[in-house]
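Engineer: Predicted model, plus sequence, below.
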Amino acid sequence: MVSSPEDVLTLSIIPLVAIVGTFALVMIIVLVVEFGRRTRNRLIHEERMAAMETGLPVPPPFIEGVRRPNYVMRGLVLIALGMALGVWTLTDPDFPLGIGAILFFMGLAILIAHSLTERRRRESYPSGSEHRPSADNPS
């Protein structure tokens, strides 16, 4: 039982601080990661410019974002999560089945989209073509 106005104020501030603190923590993490990424890209750019100015060979790019995303792994993970939540529904009838079904069908859609785009990519670039994009040389 709340007995004084100070208790009411304390009980209403705690959830507010928890919610604001959670969002602030997420924002701080995003800002730190983005700052690190920008700093790394700036240093790579400065290194490449210094190599060009002195006539040295330019080092190859090693930026991590060059790789193609692995849609098969994403689809399989979502399908597995959907199936696990479906099994959980069998043990706990109060748990909504829809969450597992949504994840399952999202994973299935990702796998279907990946197979269709891969088929289209293979038809566009015949095997043995020098211009065919790969994980090492995306175009």
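Structural biologist: Yep, that arrived. Numbering: from 1, shown residues only.
Engineer: C-alpha only now, for contacts and for neighbours.
Structural biologist: Noted.
Engineer: Can you classify L11 by secondary structure?
Structural biologist: Classification of L11 using DSSP: H, G, I helix; E, B strand; the rest coil returns helix.
Engineer: Now for it: which residues touch it?
Structural biologist: With contacts defined as C-alpha atoms under 8 Å, 6 or more residues apart in numbering, L11 has no neighbours.
Engineer: Would you check how far apart it and E34 are?
Structural biologist: The gap separating L11 from E34 is 36 Å, by C-alpha to C-alpha, to the nearest Å.
Engineer: again, but for V87
Structural biologist: Counting by C-alpha to C-alpha, the gap from V87 to E34 is 39 Å.
Engineer: which stretches of the protein form helices?
Structural biologist: 5-54, 71-91, 97-124 (DSSP state H).
Engineer: Same list, the ones you listed, but as a markdown table with mean pLDDT and distance to P60 please.
Structural biologist: Formatted as a markdown table, those follow (pLDDT from 0 to 100; distance: least, C-alpha to C-alpha, whole Å):
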| stretch | mean pLDDT | distance to P60 |
| --- | --- | --- |
| helix 5-54 | 87 | 9 |
| helix 71-91 | 86 | 26 |
| helix 97-124 | 85 | 26 |
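Engineer: Can you get me a residue count around T10?
Structural biologist: By other C-alpha atoms under 10 Å, 10 other residues sit near T10.
Engineer: again with I28
Structural biologist: By the criterion of other C-alpha under 10 Å, I28 has 12 neighbours.
Engineer: Then W88?
Structural biologist: The number of residues packed near W88 is 16, by other C-alpha under 10 Å.
Engineer: Now it: closest residue in space, sequence neighbours ignored.
Structural biologist: F95 (7.5 Å; C-alpha to C-alpha, 6 or more residues apart in numbering).
Engineer: Do I have it right that the one you found meets T89?
Structural biologist: Yes: under the criterion of C-alpha atoms under 8 Å, F95 makes contact with T89 at 5.5 Å.
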